[in-house]
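Asks: Sequence first, then the predicted structure, then my questions.
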Amino acid sequence: MDRNRRIVDSLFWDDRAQDWLRTWNITQEEAESIILQDTRPTLDPSSTEAGHPILRFRKGDVIVVVGLREAHRPKVLSVFMHIPGMKEWVERTSTSKSGSSLPTTNRQLRSWIIGFGYQIIPGGGRHDKVADRETGQVMFTLPNTPSDHRSLANAWKAFLKEHAKYQARKTLRVS
């Protein structure tokens, strides 16, 4: 714990890490509390290639990556979300033909979202809503009629981003 306190007290932030904080709607203080609370950070696989320790501090699905190129000047390199089952689920639902992990139809997009544990609430002539199945909280607005071939990919990527933000908020609320 003393090591973690020393890291937080002398912490610098990479600009990209600051961008990720805004993306995931996490404050710098919340990220620092994750560093303080994680008593067993893991060594990032890129440490060997980088030639210095890179540590991953985790709380729930939020991961704070800190580089220790200079021990007296630790730097937050990234903040990201671990989306449980995401890789396995995409592999299970993707076809082997194109190698794409993007939905190709509106029906497929909706089934993938449901596969993540959400429900789709009909919008009654307006856009449908994606809501948490447990709480009913609306998390995302879904286009009813994608206007071109990029809309499905954009909707899927936007959903994944909102899913990660929502999971981060849930994780931070619980602890």
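Replies: Done, it's in. Model, not experiment: these values are computed from the prediction. Residues are numbered from 1 along each chain as shown.

Asks: Could you list the low-pLDDT ranges of this protein?
Replies: 1, 23, 83-100, 124-125, 144-149, 173-175 (pLDDT under 70).

Asks: Please, where are all the strands along it?
Replies: Taking DSSP state E to define them, one finds strands in the chain at 12-13, 42-43, 54-59, 62-67, 75-81, 118-121, 128-132, 138-142.

Asks: For the fifth one, list every residue counted as buried.
Replies: In other words, strand 75-81. K75, V76, L77, S78, V79, F80, M81 (16 or more other C-beta atoms under 10 Å). Just so you know, the C-beta spots here come from the backbone N, C-alpha and C atoms, and that holds for glycine as well.

Asks: Could you break this structure into its assigned domains?
Replies: Following automatic domain parsing, one gets these domains for the chain: 2-81, 86-174.

Asks: looking at those domains, which is buried most?
Replies: Mean neighbour count (mean count of other C-beta atoms under 10 Å) peaks for domain 2-81 among the domains of the chain, with a mean of 16.

Asks: The closest residue to V76 other than its chain neighbours: what's it in contact with?
Replies: Nearest non-adjacent residue to V76, counting by C-beta to C-beta, 6 or more residues apart in numbering: A17, 4.3 Å away. Each residue near A17 by C-beta atoms under 8 Å, 6 or more residues apart in numbering is listed here: V65, V76, L77, S78, V79.
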